[in-house]
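Peer 1: Dropping a prediction and its sequence here:
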Amino acid sequence: MAEKFIPLSEQPLLESAHAAGLTTGRDRLAAMSPQCGFGELGTCCRICYMGPCRIDPFGNGPQTGICGASPDTIVARNLLRECVGGAASHVGHARHILLTMQAALDGKAPYKIHDPAKLFAVAGQFGIATDGRAVDDVARDLVAASLEDFGRQDGQPLNWLRARAPRKEFDMWMENGLMISNPHNEIETAMHRTSMGNDADPVSLLLAQLRMGLVDGYAGLTMATDLQDILFGTPQVTTLEANVGVLEANSVNLAVHGHNPLLSEKVLQWAGRLEGEAQAAGAERINVVGVCCTGNELTMRHGVPMAAHNLQSELILATGAVDGMVVDIQCIWPSTAMFASCYDTAFITTDEMVHIPGATHIEFEPAHADENAQAIVRAAIAAFQKRQGKPVNIPNVKSVGFAGLSVESIVGILSKVNAEDPLKPVIDNIVAGNIYGAVGFAGCPSLKFRDTAMTERMTKALLKENVLVVTTGCTAHICAQEGLLNSQATERYCGDKLKGVLTAVGEAAGLGAPLPPVWHMGSCVDNTRIVDLLAALAGKLDVKISQLPVAGSAPELVQEKAISIGTWLLALGLFVHIAPAPRILGGPLVTQVLTNDLEGITGGKAYVEYDPEKAAAGMIAHIAEKRAALGI
Ligand code: BF8
Ligand code: SF4
């Protein structure tokens with residue numbers, strides 16, 4: 001049995017937590033193991049109260065639910081409900097940004113448009129006139145087109161799908177009955193469809209699954225990414241520091257955790273403005289650090305340090321040095337409030353929908369964003385004062401790298417190599433085999449896979465074979481902590497061909513060092529950026545996305561959101577590695593469709609492999625097939 005991998009930064013914090021009498025996620029998983037096999041296979045149905053019904057995987061016991069539902073019906077219904085959970089999260093996030101943009105345009109919320117160029121580019125895709133028009137007028141039209149999507153009852157395609165989907169894939173979806181309309185209606189219908197006594201056909205349920213992936217992709221991720229860029233600016237390349245060592249013993253450490261930059265941007269702004277109050281309280285400064293995806297958002301746009309990924313969100317509190325942790329939505333472990341209460345940390349929830357026992361609640365309303373953000377920063381300063389004289393334990397572990405690789409900034413770098421045709425150098429190098437292919441890593445860290453360093457090992461195995469890697473979400477934190485986002489990593493981990501390209505482009509772009517081999521493209525909603533990049537490459541080559549020598553991976557699946565993102569990628573025609581297996585293995589037909597038959601419709605294919613090197617090899621084999629089919 002291989003040795004367990006525990007990152008250097010985590011060991012001392014696990015010890016501190018235990019010394020304080022706290023249990024950590026690792027302990028709770030151990031106490032929970034072995035986990036329920038029926039649950040893992042997906043063949044437990046709790047949709048009605050005659051159940052729970054469980055299908056015997058060995059064929060000796062019940063083979064259908066009490067209502068007669070087959071294992072495939074059960075797993076397909078459960079999977080669609082997971083996808084609804086993910087899509088609802090992203091659509092809710094996007095709608096929140098949209099309504100805030102509307103309020104800002106009406107003078108009712110203190111935000112303004114920071115990136116008119118992005119606004120005009122997106123509006124252009126919607127067919128909204130931009131020439132000679134005032135920024136706010138164009139923004140109002142974009143808001144109106146978005147609100148129309150949430151109100152439409154005419155069954156027509158979602159404006160965001162029509163405007164932002166790649167053409168070939170849009171046509172393929174229409175031909176296969178995968179059109180989507182009002183996202184709220186889609187979510188309602190999916191919940192209705194999967195309730196007791198409705199859709200029992202696994203194929204029909206899987207088509208609904210693909211449509212829910214499109215809801216996630218266009219009414220969730222794409223809308224959120226685009227509107228956030230318009231409001232807060234499209235990321236440009238910046239340096240970053242990552243890991244718990246970014247905390248500073250003598251500063252007010254304020255961690256922002258969650259997903260929505262409406263909160264974290266304001267907190268960052270007010271942390272700057274209230275620095276004098278912190279100094280008056282004896283602090284050197286206010287050190288805002290990022291956790292999870294809102295951390296990625298601030299890193300991408302402002303170079304804010306990335307303190308912790310999702311699994312470390314409770315552990316960083318065991319440093320005793322986090323004065324404030326302010327959270328908004330999604331991926332917030334209830335245990336963080338318990339950890340905070342042990343260490344004088346002001347733990348603040350801010351969303352009406354997210355209350356956690358033990359937390360202080362300061363409701364964050366866009367209309368009162370400035371007052372709310374000040375209250376939050378002041379709560380952290382007060383906690384810093386309480387902490388004086390108490391010991392802290394900040395493991396001195398951090399790494400450096402680059403973030404801010406939006407499509408726009410990538411094109412900016414490449415245009416220094418070829419101003420006329422920025423994507424040409426990438427395509428030429430793919431054709432020549434110097435870039436063998438590309439893989440996008442997205443999603444979460446899972447305690448089930450941290451012990452084997454799944455993400456790190458897969459990434460290194462791919463780089464060695466000259467496969468370029470892009471990343472978002474918590475896998476970006478993992479890669480940053482592992483030192484994979486800097487120029488040294490290019491030297492250290494890449495095959496010679498990829499190293500050559502990254503070095504040459506880095507030089508030509510005037511960076512004075514190779515480009516990093518793993519590109520940090522943002523938060524989980526920013527998977528939009530990866531899809532936009534693929535769409536641009538496919539468009540230039542006049543091929544479908546499914547024909548590109550690329551693949552995606554959620555190497556340590558945790559969240560329902562990863563299911564909905566992965567479903568979008570399958571609908572786009574991508575090969576998607578995933579571990580652990582989604583809860584479908586108890587349904588043979590559903591498993592067969594997702595891992596095989598779907599390829600004949602969208603080109604997409606799900607691939608499950610738990611061993612990091614084998615998983616990388618499986619992706620490389622897929623890339624080889626795609627290269628051969630393109631004749632390169
Ligand atoms: O949306 S990667 S643990 S923080 S779900 Fe959550 Fe997973 Fe992290 Fe961001 Ni994405
Ligand atoms: Fe059992 Fe059918 Fe009810 Fe599910 S819907 S719990 S399979 S009776």
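Peer 2: Thanks, I have the structure now. Numbering: from 1, shown residues only. Ligands and ions are numbered 1, 2, ... in the order given.
Peer 1: Alongside ligand 1, which residues does the stretch 501-632 of the chain contribute?
Peer 2: Selection of the stretch 501-632 of the chain residues close to ligand 1 by CB under 6 Å from any ligand atom yields 523, 524, 558, 559, 561. For the C-beta atoms, the positions are set from N, CA and C on the backbone; glycine is no exception.
Peer 1: Surely the third one is in contact with residue 445?
Peer 2: When you say that, I think you mean residue 558. Yes. Counting by CB atoms under 8 Å, residue 558 does reach residue 445; the two are 7.4 Å apart.
Peer 1: Among the residues of the stretch 501-632 of the chain next to ligand 1, which one sits closest to residue 188?
Peer 2: residue 561 (19.2 Å; CB to CB).
Peer 1: For burial, what's the neighbour tally of that closest one?
Peer 2: 33 (other CB atoms under 10 Å).
Peer 1: Can I take it that it is in a helix?
Peer 2: Yes. Assessed by DSSP: H, G, I helix; E, B strand; the rest coil, residue 561 belongs to a helix.
Peer 1: Would the lengthiest helix in the chain count as contacting ligand 1?
Peer 2: In the chain, with assignment by DSSP state H, the single longest helix is helix 71-105. No. Judged by CB under 6 Å from any ligand atom, helix 71-105 stays clear of ligand 1, getting no closer than 8.1 Å.
Peer 1: May I see the buried residues of that helix?
Peer 2: Within helix 71-105, the residues scored as buried using 16 or more other CB atoms under 10 Å are 71-105.
Peer 1: try stretch 246-260
Peer 2: Buried, per 16+ other CB under 10 Å, within stretch 246-260: 246-248, 251-260.
Peer 1: Next, the distance between the ends of that stretch.
Peer 2: By CA to CA, to the nearest Å, the extent of stretch 246-260 from end to end equals 22 Å.
Peer 1: Who are the packing partners of the helix or strand harbouring residue 290?
Peer 2: Assignment of secondary structure by DSSP states H and E places residue 290 within strand 286-291. Judged by 3 or more CB pairs under 8 Å, 6 or more residues apart in numbering; DSSP states H and E, the packing partners of strand 286-291 are strand 252-257, helix 261-273, helix 292-302, strand 306-308, helix 369-387.
Peer 1: Dump those to JSON lines, plus distance to ligand 1.
Peer 2: Shown next, in JSON lines, are the helices and strands packed on strand 286-291 (distance: least, CB to the nearest ligand atom, whole Å):
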{"stretch": "strand 252-257", "distance to ligand 1": "8"}
{"stretch": "helix 261-273", "distance to ligand 1": "12"}
{"stretch": "helix 292-302", "distance to ligand 1": "3"}
{"stretch": "strand 306-308", "distance to ligand 1": "10"}
{"stretch": "helix 369-387", "distance to ligand 1": "20"}
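Peer 1: which stretch among these comes nearest residue 403?
Peer 2: Residue 403 lies closest to helix 292-302 among the helices and strands packed on strand 286-291, at 4.7 Å (CB to CB).
Peer 1: Let me see the mean pLDDT of that closest one.
Peer 2: The predicted model assigns helix 292-302 a mean pLDDT of 98.
Peer 1: Likewise for stretch 483-499?
Peer 2: 98.
Peer 1: And for stretch 87-100?
Peer 2: Mean pLDDT, stretch 87-100: 98.
Peer 1: Which of the three states applies to residue 22?
Peer 2: Per three-state DSSP, the secondary structure class of residue 22 is coil.
Peer 1: Could you report the pLDDT at it?
Peer 2: pLDDT, read off for residue 22, is 97.
Peer 1: which phi and psi does it have?
Peer 2: phi -100, psi 150 (degrees, to the nearest 10).
Peer 1: and it, how far is that from residue 311?
Peer 2: Applying CB to CB, to the nearest Å, the value for residue 22 to residue 311 is 15 Å.
Peer 1: and what of residue 178?
Peer 2: 35 Å.
Peer 1: So those two - more neighbours on which side?
Peer 2: residue 311 (24 against 20).
Peer 1: any idea how far the residue lying closest to the more buried one once chain neighbours are set aside is from residue 474?
Peer 2: Nearest residue to residue 311 in three dimensions, chain neighbours excluded: residue 445, at 4.7 Å (CB to CB, 6 or more residues apart in numbering). In this structure, residue 445 and residue 474 are 5 Å apart, going by CB to CB.
Peer 1: between the two, which one's more packed in?
Peer 2: Between residue 445 and residue 474, residue 474 has the larger neighbour count (other CB under 10 Å), namely 34 against 24.
Peer 1: from the residues of the stretch 501-632 of the chain next to ligand 1, which two are the most distant?
Peer 2: Largest pairwise distance in those, by CB to CB, is 15.1 Å, between 523 and 558.
Peer 1: So those two - more neighbours on which side?
Peer 2: Neighbour count, other CB under 10 Å: between residue 523 and residue 558, residue 523 has more, with 31 against 19.
Peer 1: Contact partners for the more buried one?
Peer 2: Residues near residue 523 by CB atoms under 8 Å, 6 or more residues apart in numbering: 259, 293, 294, 296, 297, 300, 472, 473.
Peer 1: Residue 494: which of these is nearest?
Peer 2: For the contacts of residue 523, the nearest to residue 494 is residue 472 (20.4 Å; CB to CB).
Peer 1: So the closest one sits against residue 526, correct?
Peer 2: Yes. The pair formed by residue 472 and residue 526 meets the contact definition of CB under 8 Å, at 5.1 Å.
Peer 1: what sits in contact with each of these two?
Peer 2: Counting by CB under 8 Å, 6+ apart, the residues touching both residue 472 and residue 526 are residue 296.
Peer 1: now the strands for the stretch 451-600 of the chain?
Peer 2: Assigned by DSSP state E, counting those that start in this stretch, the stretch 451-600 of the chain shows strands spanning 467-472, 518-522, 550-554, 575-578.
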